[in-house]
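# need the 3D shape of this:
(one chain, ligands or ions: 2)
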Amino acid sequence: MSSKINKIDIFELGEKGKEISSPWSSTILLVRLTSDDGKEGWGEAPTTFMTLPVKESMKEVSRIFQGANFFNVEKNLKDFYRNSFYLSRSMEATSALSAFEIASWDLIGKELGAPIYNLLGGEYNSKIRAYANGWYSDCITPDDFVRKAKDVMKMGFTAMKFDPFGPHYDKITKEGVSYARDIVGTMRSELGDEVDLLIECHGRFSTHWAIEAGRVMDEFDPLFIEEPIHPEQELGLLEFKRYVSTPVALGERLLNKTDFARYISQGMVDIIQPDLTNSLGIFEAKKIASIAETFGVPVAYHNAFGPIQTAASLNVDYTLPNFLIQESFESFWPDWKKNLLKTSYKLDKGYFTLSGKPGLGVEVNEKILETNVVDGMEPFEANEPPWVVSGTFKDHKH
Ligand SMILES: O=C(O)[C@H](O)[C@@H](O)[C@H](O)[C@H](O)CO
Ligand SMILES: [Mg+2]
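Ligands and ions are numbered 1, 2, ... in the order given. Sure thing, here's the model as predicted:
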């Protein structure tokens with residue numbers, strides 16, 4: 001049986017010479033680890049406004065993983081940490097390392113002939129409920145949101161996430177609060193009580209204004225309100241939770257289990273959203289979920305980039321007693337991303353299932369590697385930051 005990483009390839013993918021429909025996640029970063037018996041393991045790292053630094057950081061990680069035994073997941077991480085002095089504070093470093101960790105599990109699974117979930121506790125869930133994100137490009141008015149949301153429901157989704165706060169940043173005006181309230185209220189009355197509405201704040205408010213915006217949402221019974229406050233103002237969450245009863249979800253900018261243990265044990269979060277591609281990969285995701293389980297906190301992995309990330313998240317979702325719901329952008333991806341896998345998981349009527357094949361259970365379509373390799377930063381839009389869904393960072397009066 002092979003256990004050695006023989007070759008490492010790093011790929012940046014995107015759409016050549018084209019502005020992408022959505023300014024967020026228009027590039028993805030993949031790593032391919034090849035074992036000395038020729039098997040391939042795939043991993044992915046996030047990009048948003050850090051595509052090139054993460055790509056460079058992946059070269060640093062390569063220095064540790066080249067020639068390493070890919071079964072030794074814990075050791076390889078620690079070997080990198082011993083060198084990467086800034087790891088516990090650097091999203092670029094944790095992202096790069098996460099890609100290699102995920103790819104190692106893909107190889108382990110392929111070498112053992114087992115899907116990863118069977119190595120992590122087996123199936124607790126066999127069908128993974130998804131919520132839709134990325135569906136509301138160009139939505140400004142309540143009617144815009146409702147029109148597109150109805151299409152999302154026709155696809156079979158019973159839950160959807162959206163950011164109703166337009167261009168408001170740091171603070172929000174009374175008018176901004178009431179406009180967001182209209183959007184969410186109209187969604188609730190037009191779509192009915194059955195659908196789960198998930199409110200995204202993208203961590204853009206300071207505490208006082210987050211409370212102003214958050215408290216009017218309680219009436220519409222959202223499943224959660226996400227990142228209400230700038231991530232560095234974490235103590236504000238305790239204040240926020242005194243005024244807003246909707247559960248708080250967050251986690252996409254936390255880097256490891258210690259970060260999660262701090263938030264969870266302080267009562268700053270109700271639902272956690274670790275991102276496997278920036279919080280040290282598959283094994284750490286399982287550990288984070290176990291810490292959460294001891295506090296009765298459910299898990300909804302953040303998943304905003306490419307299909308390797310989805311496959312990795314699903315493999316852990318399958319095993320979690322405290323699984324809540326899985327984020328999904330796939331239905332709204334550009335074609336090149338939709339075609340990146342030739343063997344894939346399925347997303348049908350709002351539920352994911354894995355293929356049951358070894359490792360991540362996916363196979364990459366090598367053609368896309370030829371046609372969509374790019375080198376550079378993702379497209380930049382001066383009037384719209386890369387973390388919003390395109391065409392939504394506008395005031396309703398414009
Ligand atoms: O919860 C989410 O899915 C995220 O907040 C996305 O909406 C971000 O825009 C993206 O992850 C940034 O790249
Ligand atoms: Mg988010």
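# what sits closest to residue 186 if chain neighbours are left out?
Closest residue in space to residue 186, ignoring its immediate chain neighbours: residue 142 at 3.7 Å, by Cβ to Cβ, 6 or more residues apart in numbering. Yep, even glycine has a C-beta here, placed from its N, CA and C like the rest.
# so how far is residue 396 from the one you found?
Per Cβ to Cβ, to the nearest Å, residue 142 is found 9 Å from residue 396.
# likewise for residue 244?
Remark: distance between residue 244 and residue 396 (Cβ to Cβ) = 23 Å.
# comparing those two, which residue is more hemmed in?
Counted by other Cβ atoms under 10 Å, residue 244 and residue 396 do not tie: residue 244 has more neighbours, with 19 against 15.
# excluding chain neighbours, what is closest to that one?
With Cβ to Cβ, 6+ apart as the criterion, residue 244 has its nearest non-adjacent residue at 4.0 Å, and that residue is residue 214.
# now for the helix or strand where that neighbour lies, which elements pack on it?
Element membership for residue 214 (DSSP states H and E) is helix 207-215. Taking 3 or more Cβ pairs under 8 Å, 6 or more residues apart in numbering; DSSP states H and E as contact, the helices and strands that helix 207-215 lies on are helix 174-191, helix 236-243.
# now do the helices in the stretch 201-350 of the chain.
Listed in chain order, the helices of the stretch 201-350 of the chain (DSSP state H, counting those that start in this stretch) span residues 207-215, 236-243, 257-265, 281-294, 307-317, 335-338.
# packing partners for the fourth one?
This points to helix 281-294. In terms of contacts (3+ Cβ pairs under 8 Å, 6+ apart), helix 281-294 is packed against helix 73-83, helix 91-112, helix 257-265, strand 271-272, helix 307-317.
# domains for the chain, by residue range?
As recorded under automatic domain parsing, the domains making up the chain are 5-114, 118-360.
# how far off centre is the first one?
Pointing back at domain 5-114 there. Centroid separation between domain 5-114 and its chain, computed with Cα atoms, centre = their mean, to the nearest Å, is 16 Å.
# sorry, back to before: would a markdown table of the helices and strands packed on helix 207-215 with mean pLDDT, distance to residue 127 and mean neighbour count be doable?
As requested, the helices and strands packed on helix 207-215 are exported to a markdown table (pLDDT from 0 to 100; distance: least, Cβ to Cβ, whole Å; neighbours: other Cβ atoms under 10 Å):
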| stretch | mean pLDDT | distance to residue 127 | mean neighbour count |
| --- | --- | --- | --- |
| helix 174-191 | 98 | 23 | 17 |
| helix 236-243 | 98 | 32 | 16 |
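# between the ones you listed, which one is nearest to residue 54?
With respect to residue 54, and counting by Cβ to Cβ, the nearest of those is helix 236-243 at 27.4 Å.
# could you check the angle helix 207-215 makes with the closest one?
Between the axis of helix 236-243 and that of helix 207-215 there is an angle of 40 degrees, by axes from the mean of the first three to the mean of the last three Cα atoms, to 10 degrees.
# isn't residue 223 up against residue 248?
No: taking contact to mean Cβ atoms under 8 Å, the distance of 11.4 Å between residue 223 and residue 248 leaves them out of contact.
# between these two, which one's more packed in?
Neighbours were counted for residue 223 and for residue 248 using other Cβ under 10 Å; residue 248 has more, 24 against 21.
# for the more buried one, give me its contacts.
For residue 248, the set of contacting residues under the criterion of Cβ atoms under 8 Å, 6 or more residues apart in numbering consists of 224-226, 228, 237, 240-241, 268-271.
# closest one to residue 27 out of these, please.
Of the contacts of residue 248, the one sitting nearest to residue 27 (Cβ to Cβ) turns out to be residue 226, at 23.4 Å.
# residue 67 sits in which helix or strand?
Element membership for residue 67 (DSSP H and E) is empty, with no helix or strand holding it.
# count the neighbours of it for me.
Counted with other Cβ under 10 Å, the burial measure for residue 67 works out to 11 neighbours.
# gap between it and residue 251?
Per Cβ to Cβ, residue 67 is found 34 Å from residue 251.
# next: residue 238.
When Cβ to Cβ is the yardstick, residue 238 and residue 251 sit 17 Å from each other.
# ok, now residue 109?
For residue 109 relative to residue 251 (Cβ to Cβ), the value is 25 Å.
# correct me, but residue 240 touches residue 228?
Yes: Residue 240 is within contact range of residue 228, at 5.6 Å (criterion: Cβ under 8 Å).
# got a list of what residue 85 touches?
So, once contact is read as Cβ under 8 Å, 6+ apart, residue 85 ends up touching nothing.
# distance of it from residue 149?
Computed as Cβ to Cβ, the residue 85 to residue 149 distance reads 47 Å.
# and what of residue 87?
The spacing between residue 87 and residue 149, counted by Cβ to Cβ, is 40 Å.
# go on, residue 319?
31 Å.
# the more surrounded of those two?
The neighbour count for residue 319 versus residue 149, taken as other Cβ under 10 Å, is higher for residue 149 (23 against 20).
# is it true that that one touches residue 187?
Yes: at 6.0 Å, residue 149 counts as touching residue 187 under the criterion of Cβ under 8 Å.
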